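J.: Could you look at this predicted model? Sequence included:
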Amino acid sequence: MRWYKALSLLIAAAIITPLVVLPAHAGISISGGSLRVTVQGSVSPEGGFGILYTALNLYYILFIILGVGPFLFFLLWSAFVRRAQRKKKGRPIGDSFTPLTKRYPKVSIIIPCYNESRHVGRAVNSSYRQNYPGEIEIIVVDDGSRDNTWSIARIFEVSDKKRSVKVIHKENGGKASALRVGIKHATGEIIVMTDGDGQIDPHAVSEIVRIFREHPDAGVVGGFVSIKNHSKNYLTKLQQMEYIITQHVIRIAQSDSGSVLIAPGPIFGMRAELARQFPPLERTVVEDCDLTMSVLSAGVTTRSTIYALSYTDAPESWKAWIRQRKRWIYGQFQAWRENRWHLKSNPWGVYTYFTWVFTAVSALIFLGTMLLTLFFLSQGTHFYSFLEFLSLRTVIITGIYLTSRAAILISYPQTRRLLHYLPLKIFYDIIAGFLTAYLYLRYITGLGVRLNWGTRNEVIY
């Protein structure tokens, strides 16, 4: 058994232990026809410590109501939506855009590349081998690569009736710039954008077109991102779980309400007329998030589907993971700022900002609680009562956490075998929470953060 599997089981045992220890001090009594649970020896001390216990108690209640509650609600919502989708196809609603001219309209797939000589062949091949009956043009935009990306991509150039591949070379200007060039040359009614290091599922284009056809009001349709290298190590496994949980719960609920905030860069579709009206911009470091929020802010419906898959590589080291997440998280702050006037009145926009604030506050309280525990341990007073106070509440929250996440993971064949890593996911989320809190504090104070991605290495605000 590998060390991280053993550690995961050890964490699970540590979580269950308080349930075994606490009953020795707990009592259950029935009074006046009502059931009452009491914990002996856990009486809150008076004075300043009593205020501390009361404040922490209030936080735990708020955490369950405001932190855990919404997740459980979205979990039930997404389960209901998936059940409804299995029973019947979605009904066309609205008429915001020009109806598609054909049952299978022409689709343009744009693949921006920078130093992707190792992956561009697979990216083009997966786009070419779509089972979509209609016409597909593939536009590879080489963004000033310093390797053999352009020469390798040119090998795939072809011009058939149903499939064509065009390769364009430009000076380096970033992904948003490369996407704009691709949009300029696209001739399809629907534009699908992906990444040069990814591979899209053979059914991806068909699924995106189906959503556009069934929802004429939709301007953007996001797909579902899965990790190719999820079996590499424990970190990639944890990220695979994160991707599944986030996209399953949040994206499905957002799509059902027509307010998807982030159409993932590795796979999303956009109506060509809208793509020219709202081209990707460089004002943030996450062009996909900014683009989706801009479209949503203009009053356009955004949808998502879990059946349009794209496979991408995830960071295999914590150093690479932190570098990636710094850009993603801070970029979302930027995108929210650029579109804040609409998002302030959008329930999903408000909820997203609330999660950032709540995460920052929770991280500070968590850190303070750990310091208090060490303080009580060093003083030799109140330590056991404080530990008992924390244990019972932590077990309750952790139990809800594990159960709700497990319910999602068992619904996907590719993640059922990852269930024994779920206890480790707790610490993964804690690390992600501290990183979010740190970046949010730098954002609201205007300090900014230094990012290094692509050819850029600069402080962004």
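T.: Thanks, I have the structure now.

J.: The longest helix along the chain: which residues count as buried?
T.: Longest helix of the chain, by residue count under DSSP state H: helix 347-379. Going by neighbour count (16 or more other C-beta atoms under 10 Å), the buried part of helix 347-379 is 348-349, 352-353, 355-356, 358-360, 362-363, 369, 372, 376. Any C-beta I mention is one placed from the backbone N, CA and C, and that applies to glycine too.

J.: Looking at those, which is nearest residue 410?
T.: Residue 410 lies nearest to residue 355 out of the buried residues of helix 347-379, by C-beta to C-beta, at 25.0 Å.

J.: Against residue 373, how distant is that closest one?
T.: Applying C-beta to C-beta, to the nearest Å, the value for residue 355 to residue 373 is 26 Å.

J.: Make a markdown table out of the buried residues of helix 347-379 and add pLDDT.
T.: A markdown table is the format used below for those (pLDDT from 0 to 100):
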| residue | pLDDT |
| --- | --- |
| 348 | 86 |
| 349 | 86 |
| 352 | 88 |
| 353 | 89 |
| 355 | 87 |
| 356 | 90 |
| 358 | 86 |
| 359 | 87 |
| 360 | 88 |
| 362 | 86 |
| 363 | 87 |
| 369 | 84 |
| 372 | 82 |
| 376 | 78 |
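
J.: Check those against residue 339 and report the nearest one.
T.: Of these, the one sitting nearest to residue 339 (C-beta to C-beta) turns out to be residue 349, at 7.8 Å.

J.: Please list all residues in contact with that closest one.
T.: If you count contacts by C-beta atoms under 8 Å, 6 or more residues apart in numbering, residue 349 has them with 261, 293, 336, 339-340, 342-343.

J.: mind redoing it with 7 Å?
T.: Going by C-beta atoms under 7 Å, 6 or more residues apart in numbering, residue 349 touches 261, 343.

J.: How about residue 375?
T.: Taking C-beta under 7 Å, 6+ apart, one finds nothing in contact with residue 375.

J.: mind running it again at 10 Å?
T.: 381-383, 386 (C-beta atoms under 10 Å, 6 or more residues apart in numbering).

J.: ok, and for stretch 52-60, which residues are buried?
T.: Buried-residue list, stretch 52-60, by 16+ other C-beta under 10 Å: 52-53, 56, 59-60.

J.: Over to stretch 157-175?
T.: 163-170, 174-175.

J.: Quick check: the two most widely separated of the residues you listed?
T.: Counting by C-beta to C-beta, the most remote pair of the buried residues of stretch 157-175 is 163 and 174, 28.3 Å apart.

J.: for the protein, which strand is longest?
T.: strand 301-312 (DSSP state E).

J.: ok, which stretches of the stretch 51-200 of the chain are strands?
T.: Secondary structure of the stretch 51-200 of the chain by DSSP state E, counting those that start in this stretch: the strands cover 107-113, 136-143, 158-159, 163-170, 190-194, 199-200.

J.: counting contacts, what elements does the fourth one pack onto?
T.: Other helices and strands packing on strand 163-170, by 3 or more C-beta pairs under 10 Å, 6 or more residues apart in numbering; DSSP states H and E, are strand 107-113, helix 120-128, strand 136-143, helix 149-154, strand 158-159, helix 175-185.

J.: cool, and the last one?
T.: Under the contact criterion of 3+ C-beta pairs under 10 Å, 6+ apart, strand 199-200 touches helix 120-128, strand 301-312.

J.: ok, and what's touching that strand?
T.: 109, 111, 119, 122-127, 129-130, 192, 194, 208, 223, 226, 228, 266-267, 308-313.

J.: ChimeraX command for the buried members of those?
T.: The following ChimeraX line selects those of those that are buried, judged by 16+ other C-beta under 10 Å:
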select :109,111,119,122,123,124,126,127,130,192,194,208,223,226,228,266,267,308,309,310,311,312,313
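
J.: List the buried residues for whichever helix or strand comes after the longest strand of the chain?
T.: Counting by DSSP states H and E, the next helix or strand C-terminal to strand 301-312 is helix 318-338. Going by neighbour count (16+ other C-beta under 10 Å), the buried part of helix 318-338 is 321, 325-327, 329-336, 338.

J.: Work out the gap between stretch 126-141 and the centre of the chain.
T.: Mean-position distance between stretch 126-141 and its chain equals 26 Å (C-alpha atoms, centre = their mean, to the nearest Å).

J.: show me where the stretch 351-461 of the chain has helices.
T.: 383-409, 413-416, 422-444 (DSSP state H, counting those that start in this stretch).

J.: Can you check which of these gets nearest to residue 244?
T.: helix 413-416 (5.2 Å).

J.: name the element the residue sitting nearest the centre point of the chain belongs to?
T.: In the chain, the centroid-proximal residue (C-alpha atoms, centre = their mean) is residue 246; its distance is 4.8 Å. Taking DSSP H and E as the definition, residue 246 sits inside helix 234-246.

J.: Quick one: name whatever helix or strand follows that helix.
T.: Next element after helix 234-246 (DSSP H and E): helix 252-256.

J.: tell me the phi and psi of the spatially closest residue to residue 292 that is not a sequence neighbour?
T.: Distance criterion C-beta to C-beta, 6 or more residues apart in numbering; nearest residue to residue 292, sequence neighbours excluded, is residue 263 at 4.5 Å. With angles defined as degrees, to the nearest 10, residue 263 sits at phi -90, psi 120.

J.: For residue 263, which residues are in contact?
T.: Contacts of residue 263 by C-beta under 10 Å, 6+ apart are 193, 220-223, 251, 269-270, 288-289, 291-293, 295-296, 302-304.

J.: Kindly recompute the last result at 6 Å.
T.: Residue 263 sits next to 220, 222, 292 when contact means C-beta atoms under 6 Å, 6 or more residues apart in numbering.

J.: Relative to residue 446, how far out is it?
T.: 29 Å.

J.: what's the answer for residue 433, then?
T.: Taking C-beta to C-beta, one finds residue 433 at 22 Å from residue 446.

J.: on that earlier part again, any chance of the helices and strands packed on strand 163-170 in CSV, with distance to residue 414 and mean pLDDT too?
T.: What follows is the helices and strands packed on strand 163-170, written out as CSV (distance: least, C-beta to C-beta, whole Å; pLDDT from 0 to 100):
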stretch, distance to residue 414, mean pLDDT
strand 107-113, 24, 96
helix 120-128, 18, 93
strand 136-143, 27, 95
helix 149-154, 30, 90
strand 158-159, 33, 85
helix 175-185, 28, 95
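
J.: Could you identify which of those is most buried?
T.: strand 107-113 (a mean of 28; mean count of other C-beta atoms under 10 Å).

J.: Need the contact partners of that strand.
T.: For strand 107-113, using C-beta under 6 Å, 6+ apart, the contacting residues are 120, 123, 127, 136-143, 149, 175, 178-179, 182, 186, 188, 190-194, 196, 205.

J.: and that strand, which strands flank it?
T.: Using DSSP bridges, the strands paired with strand 107-113 are strand 136-143 (parallel), strand 190-194 (parallel).

J.: got TSV for these, with distance to residue 399 too?
T.: Formatted as TSV, the strands paired with strand 107-113 follow (distance: least, C-beta to C-beta, whole Å):
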stretch	distance to residue 399
strand 136-143	48
strand 190-194	40
